[in-house]
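1. got a predicted model here, sequence first, then my questions.
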Amino acid sequence: MRILMVTPYAPLRDGIAAYALQQVGALRAEGHDVEVLSPGPSAAHHHLDFSGLRGIGALAKRVRAYDKVIVQFHPDLFYPHPTTPDRHAAVSAALLAVAKASRNLEIVVHEIDYRLGQRKGLDSLAAKAFWRQVTTIMLHTDAEREDFISSFGVKPDRIKVIAHGASFVKRTRADRATARRTLGIDPGAFVFLAIGFIQPHKGFDRAVRAFTGLAEHGCELHVVGSVRVDDPEFASYLGELEALVENTPGTSLHTGFVSDELFDRWIVAADVVVLPYRNIWSSSVLERAMLYGQRVLVTSVGALANQVGDRPLVTLVDGDAGLMVGMRQLLGRGDDIQVESSPWLLEDGDEPLRERIQDELVARAQLRRGGRAAVGEHGGLRDRSAAASATRRSAALRRLPPLAPPAAVSARRGASTFKRLVRRATAWEVDPVIHQVNALRDAVVQAIEEPNPRR
């Protein structure tokens with residue numbers, strides 16, 4: 001069978017690209033003739049920018065030549081962001097033309113906003129029309145399948161559920177001793193690992209905070225990954241994570257490109273893989289850990305509970321408190337290590353619980369802005385009066401929102417397109433200024449709230 005795979009592709013550092021690479025390998029192993037079409041320069045056979053209507057129109061002409069077309073779908077691949085309902089509807093209509101031109105269109109859905117199909121409007125109607133024309137929709141969990149059917153009205157027999165790691169293969173032959181030696185990890189340490197692209201929704205900062213107090217028990221936490229795209233928000237999050245790691249004994253941050261083999265070697269070297277996600281549909285890291293029989297601690301968000309199922313090596317937890325307790329239980333020290341860095345896990349004692357929570361919030365806020373918080377025995381600041389004075393002095397500055405470019409959208413016909421063109425033409429000049437202004441704001445807040453060593 002002649003197959004066209006439409007997807008981001010290697011060597012792009014992207015989770016979907018890595019997923020597609022493995023699926024292409026599996027299809028070729030089955031004897032299929034597979035060609036890859038990617039939106040940018042890559043190892044794919046063909047390249048086409050289909051982020052606009054003209055590109056999607058060109059895609060509709062190409063798909064006729066193949067027996068089957070497989071699309072690795074993420075909204076950002078086709079839909080502009082930010083967008084308007086009219087613009088969104090136009091893109092869905094163009095994709096509908098692609099679906100009608102294809103002999104057999106299969107879409108692997110990696111992320112989608114189900115609220116789109118549940119509301120009224122032209123964008124919702126166009127999206128429903130497109131998805132109902134797709135031959136086969138591939139999802140990773142039963143929960144996603146039910147949501148998709150109820151949101152977009154797709155016939156149940158058109159939706160299939162496949163295991164997220166169905167095409168995954170091992171990329172390293174290293175055993176734990178070899179992996180730790182090559183990575184410079186203490187062979188006797190109990191190692192927690194948080195790995196993947198560094199983005200706020202991955203929640204790596206949650207893992208660092210949950211680790212607090214475990215270094216003295218022979219534990220290490222390694223955070224491994226790189227920033228996926230050059231975005232001021234992601235760069236800011238990386239800065240916050242660096243400051244947090246610097247202030248948390250036993251933790252290390254390893255930034256930079258991670259090859260497939262190195263990624264798996266980190267997993268092999270760990271005792272527990274920690275996935276502290278704030279928001280995600282399903283996890284490729286979870287499936288890679290399962291390939292090597294590793295224990296995983298993961299927050300129960302999105303459809304992860306459904307993806308996990310009844311796998312005995314995976315522990316599902318809720319929120320920051322669950323992460324802290326889960327780490328200690330997997331270490332085997334849940335009974336004799338007190339969780340003192342989260343006030344909401346403690347019983348009311350000599351100090352009112354409300355005051356301890358306030359201390360914790362102040363301490364964490366200061367760390368997020370790059371400061372060094374003086375942490376007391378319950379995780380809050382030792383000198384509450386000094387902290388309160390510092391936060392009062394910086395309050396007016398902190399109330400100023402971070403500087404950001406205005407959204408390139410307008411209710412007037414054609415104005416959104418014009419604004420997007422202007423934004424692209426001036427971004428190279430404007431973005432560095434925005435980043436510098438926000439960095440200066442954070443630095444001033446830090447200077448105001450930094451404890452004075454002379455006092």
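-> Nice, thanks for sending it over. For clarity, every value in this text was computed on a predicted model and none was experimentally measured.
2. point out where this protein drops to low pLDDT.
-> 13, 165, 228-231, 333-401, 408-413, 449-455 (pLDDT under 70).
3. now the strands for it?
-> Along the chain, the segments classed as strands by DSSP state E run 2-6, 33-38, 46-47, 68-73, 105-109, 136-139, 159-161, 190-195, 219-225, 251-255, 272-275, 295-299, 314-317.
4. report the distance from the first one to the chain centre.
-> Translated: strand 2-6. Using Cα atoms, centre = their mean, to the nearest Å, the mean C-alpha position of strand 2-6 is found 27 Å from that of the whole chain.
5. could the strands of the chain go into CSV alongside mean neighbour count and distance to Arg265?
-> C-beta here means a position set from N, CA and C on the backbone, and glycine is covered the same way. Shown next, in CSV, are the strands of the chain (neighbours: other Cβ atoms under 10 Å; distance: least, Cβ to Cβ, whole Å):
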stretch, mean neighbour count, distance to Arg265
strand 2-6, 21, 27
strand 33-38, 19, 27
strand 46-47, 12, 31
strand 68-73, 23, 26
strand 105-109, 21, 27
strand 136-139, 21, 30
strand 159-161, 16, 31
strand 190-195, 24, 11
strand 219-225, 24, 10
strand 251-255, 17, 12
strand 272-275, 26, 13
strand 295-299, 23, 17
strand 314-317, 19, 21
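6. could you dump those to JSON lines with distance to Glu261?
-> Converted to JSON lines, the strands of the chain look like this (distance: least, Cβ to Cβ, whole Å):
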{"stretch": "strand 2-6", "distance to Glu261": "23"}
{"stretch": "strand 33-38", "distance to Glu261": "21"}
{"stretch": "strand 46-47", "distance to Glu261": "26"}
{"stretch": "strand 68-73", "distance to Glu261": "22"}
{"stretch": "strand 105-109", "distance to Glu261": "24"}
{"stretch": "strand 136-139", "distance to Glu261": "27"}
{"stretch": "strand 159-161", "distance to Glu261": "30"}
{"stretch": "strand 190-195", "distance to Glu261": "13"}
{"stretch": "strand 219-225", "distance to Glu261": "13"}
{"stretch": "strand 251-255", "distance to Glu261": "15"}
{"stretch": "strand 272-275", "distance to Glu261": "17"}
{"stretch": "strand 295-299", "distance to Glu261": "20"}
{"stretch": "strand 314-317", "distance to Glu261": "24"}
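7. mind checking which of these is nearest Ser236?
-> strand 251-255 (14.4 Å; Cβ to Cβ).
8. summarise which helices and strands that closest one is packed against.
-> strand 219-225, helix 232-246 (3 or more Cβ pairs under 8 Å, 6 or more residues apart in numbering; DSSP states H and E).
9. related to what we said a few turns ago, nearest to Val325, out of the strands of the chain?
-> Per Cβ to Cβ, nearest to Val325 of the strands of the chain: strand 314-317, 7.1 Å.
10. so which other helices or strands are in contact with that closest one?
-> Partner elements for strand 314-317 (3+ Cβ pairs under 8 Å, 6+ apart): strand 295-299, helix 304-308, helix 319-331.
11. distance from the first one to the middle of the chain?
-> Relative to the mean C-alpha coordinate of its chain, strand 295-299 is positioned 15 Å out (Cα atoms, centre = their mean).
12. partner strands of that strand, parallel or antiparallel?
-> strand 272-275 (parallel), strand 314-317 (parallel) (DSSP bridges).
13. can you list the residues that contact the last one?
-> This points to strand 314-317. 286, 290, 295-300, 304-305, 308, 323, 325-326, 329-330 (Cβ atoms under 8 Å, 6 or more residues apart in numbering).
14. closest to Ile280 out of these?
-> Among these, and counting by Cβ to Cβ, the member closest to Ile280 is Leu304, at 6.9 Å.
15. quick check: the gap between the closest one and Asp431.
-> Applying Cβ to Cβ, to the nearest Å, the value for Leu304 to Asp431 is 34 Å.
16. what sits against the closest residue to Leu37 other than its chain neighbours?
-> For Leu37, ignoring the flanking residues on the chain, the nearest one in space by Cβ to Cβ, 6 or more residues apart in numbering is His46 at 4.4 Å. Counting by Cβ under 8 Å, 6+ apart, His46 makes contact with 35-38, 62.
17. ok, Leu241 next?
-> Counted by Cβ under 8 Å, 6+ apart, Leu241 has contacts 198, 204-205, 208, 223, 253.
18. same check on Trp131?
-> 117, 137, 148, 152, 154 are the contacts of Trp131 under Cβ under 8 Å, 6+ apart.
19. now Pro232: closest residue in space, sequence neighbours ignored.
-> Counting by Cβ to Cβ, 6+ apart, the residue nearest Pro232 is His435, at 5.0 Å.
20. the one you found: neighbour count?
-> Neighbourhood size, His435 [other Cβ atoms under 10 Å]: 15.
21. how far does stretch 59-76 sit from its chain's centre?
-> 25 Å.
22. what comes into contact with that stretch?
-> Contacts for stretch 59-76 (Cβ under 8 Å, 6+ apart): 1-8, 16, 19-20, 23, 35, 37, 46, 48, 50, 81, 94, 97-98, 101-113.
23. hmm, back to that, compare the contacts of Trp131 and tell me which is most surrounded.
-> Ile137 (25 neighbours).
24. bridging residues for it?
-> Assigned bridge partners for Ile137, using DSSP bridges, are Ile107, Ile159.
25. go on, Val317?
-> Thr299.
26. how far away is it from Val273?
-> For Val317, the distance to Val273 - Cβ to Cβ - is 13 Å.
27. let's have the helices and strands packed on strand 314-317 in a markdown table, adding distance to Leu125.
-> Below are the helices and strands packed on strand 314-317 laid out as a markdown table (distance: least, Cβ to Cβ, whole Å):
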| stretch | distance to Leu125 |
| --- | --- |
| strand 295-299 | 35 |
| helix 304-308 | 29 |
| helix 319-331 | 38 |
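28. so which of the ones you listed is nearest Ala166?
-> Short answer: helix 304-308, nearest of these by Cβ to Cβ, at 12.2 Å.
29. roughly how far out does the closest one sit from the chain middle?
-> With Cα atoms, centre = their mean as the basis, helix 304-308 stands 16 Å off its chain's centre.
30. and that helix, what does it pack against?
-> helix 142-152, helix 284-291, strand 314-317.
31. ok, and for it, which residues are buried?
-> 304, 306-308 (16 or more other Cβ atoms under 10 Å).
32. repeat for stretch 176-184
-> For stretch 176-184, using 16+ other Cβ under 10 Å, the buried residues are 176, 179-180, 183.
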